[in-house]
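>>> The following block contains a protein sequence and its predicted model.
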Amino acid sequence: MDTAASTTTRPAVTAPRPVERLLRGQDTRDGAGVRLTRLLTQDLQRRLDPFLMLDLFGTDNPGDYIGGFPDHPHRGFETVTYMLQGRMRHRDSAGHEGLLVPGGVQWMTAGRGVIHSEMPEQQDGAMEGFQLWLNLPARDKLRAPWYRDIASAEIPEWQGAGVVARVIAGASHGVAGAVQRVDTDAMFLDLHLAPGAGFEQPLPATHNAFVVVYRGTLGVAGSAVPARQLAILANTPASDGVALQAGPQGARAILVAGRPLKEPIAQYGPFVMNTQQEILQAVDDFRAGRLA
C-alpha cells in the first residue's frame, strides 16, 4: 500500500465543525433478507447532498446475510462498497466480476443502467461493511457503466501520531485517494485511531459531511459520538474542518464529505434521476430489458 508518514506540517483546523445531530438509523432488510442498518435515509438526501444512502451491515449470524443481493438494477448514481469483514462476489450485466474481501472497495458507476448481484462467498463467520450511494450530476446520469475493484493494498494511507487514515476517495494531508470525483469532490476516509489520538481534516464550509464510528467511541468538537450512529456535521459558515478525538479504547470511523450538486433528486428504489419523467423512463427501460 502507499503510505505517507507525517513528515510535513499537519494542516491546522482552527474552527472545527460541531455535531448537528446524531442518528441511529433504521434497522431493515434488503436483497434476499440481508439484515442491515440504513444510516443515511431518503429524507436526508438534500441535507447530505451528494450522498443518497449509507448502509451499515455487520453480523456473525449467516442467516442475516447468506441470501445476499441477487440480480437487481441501478441507474443514475454510484455505489461504493467497503468491506471490513467477509467476502462478497460482484457480477454485473456489463461483464464485470470481482471478489470483495476485507479492506477492499468495490466502486461501481451505474450510469445509464446496470443489473448486478452481490453474493456472499462464505457459509459462516462475520460479514461487515458499508455501502454508500453517491449521486451523479445530471449530465452524467446516462453515461456508460463503470466498475473498479480496489484491493486493500491499493488504498493509499496517511499516518500520523496514533492515526492511520485510509484514503479511499478524495485526499487527506497531501495523500490522494484511490478514486477522485471532480464534480462532488467526494472524500471517503477510514480512520484508525489509537486511544486518545486526535485527527484533523480541513474541509470547505460548504461541503456536507458526516462521521460514523464502527469501533470504540469518538469525540467530535467536544461531542461524544457512539458506535453505529451517524453524526451529521454542521455547515457552520466559519468552520474550516473537522477535529476528532478517540476515546480511551481507541476508535475506528469513516469520515465522508462532498460538495453538494444542488440538483433535483427523484428516486424510485434503485433508480435516482432528476425528474419523475426520467424515473418512469428508467422503469420502462428496465422492464423492456434495455439496461446494460
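Yes, it's here.
>>> Return the distance of the helix or strand harbouring residue 89 from the chain's centre.
Taking DSSP states H and E as the definition, residue 89 sits inside strand 88-92. Between the centre of strand 88-92 and the centre of its host chain there is 18 Å, according to Cα atoms, centre = their mean, to the nearest Å.
>>> which ones are touching the residue nearest to residue 232 when sequence neighbours are not counted?
For residue 232, the nearest residue in space outside its immediate sequence neighbours is residue 20; the separation is 4.5 Å by Cβ to Cβ, 6 or more residues apart in numbering. Yep, even glycine has a C-beta here, placed from its N, CA and C like the rest. By Cβ atoms under 8 Å, 6 or more residues apart in numbering, the contact list for residue 20 reads 232, 233, 234.
>>> Can you classify residue 20 as helix, strand or coil?
strand (DSSP: H, G, I helix; E, B strand; the rest coil).
>>> Begin at 376 from now on, thanks
From this message on, residue numbering opens at 376, which makes the last subject residue 395.
>>> still on that earlier bit, show the average pLDDT along the strand holding residue 464.
Predicted confidence along strand 463-467 averages 94 (mean pLDDT).
>>> which neighbours does that strand have in its sheet, and in what orientation?
The strands beside strand 463-467 in its sheet (DSSP bridges) come out as strand 472-475 (antiparallel), strand 489-495 (antiparallel).
>>> Ranking those by mean neighbour count, which comes first?
Of all the strands paired with strand 463-467, strand 489-495 has the most neighbours on average by mean count of other Cβ atoms under 10 Å, namely a mean of 21.
>>> Work out the gap between that one and the centre of the chain.
Centroid separation for strand 489-495 versus its chain: 18 Å, with Cα atoms, centre = their mean.
>>> After it, which helix or strand is next?
Past strand 489-495, further along toward the C-terminus, the next helix or strand under DSSP H and E is strand 502-510.
>>> The helix or strand that that following strand is followed by: which residues count as buried?
Counting by DSSP H and E, the next helix or strand C-terminal to strand 502-510 is strand 521-525. Taking 16 or more other Cβ atoms under 10 Å as the neighbour-count basis, strand 521-525 is seen to contain the buried residues 522, 524, 525.
>>> Alpha carbons of strand 521-525, as PDB, please.
Once non-C-alpha atoms are left out, strand 521-525 reads as follows in PDB (Å, rounded to 0.1, in the frame of the first residue of the first chain):
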ATOM      1  CA  TRP A 521     -18.000   1.600 -15.000                       C
ATOM      2  CA  TYR A 522     -16.600  -0.700 -12.300                       C
ATOM      3  CA  ARG A 523     -13.400  -1.000 -10.300                       C
ATOM      4  CA  ASP A 524     -12.200  -3.400  -7.700                       C
ATOM      5  CA  ILE A 525      -9.800  -1.700  -5.300                       C
END
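>>> if we can go back for a sec, for the residue nearest to residue 607, give its distance to residue 416.
Distance of residue 395 to residue 416, computed by Cβ to Cβ, to the nearest Å: 16 Å.
>>> Low-confidence stretches in the chain?
Low-confidence segments of the chain, defined by pLDDT under 70, are located at 376-386, 667.
>>> again, 90 this time
Along the chain, the model assigns pLDDT under 90 to residues 376-387, 469, 497-498, 597, 666-667.
>>> In this structure residue 570 contacts residue 624, no?
Yes - contact status for residue 570 versus residue 624: in contact at 6.1 Å, counting by Cβ atoms under 8 Å.
>>> follow-up on the earlier one: the strand holding residue 464 versus strand 521-525: what angle between them?
What separates the directions of strand 463-467 and strand 521-525 is an angle of 160 degrees, with axes from the mean of the first three to the mean of the last three Cα atoms, to 10 degrees.
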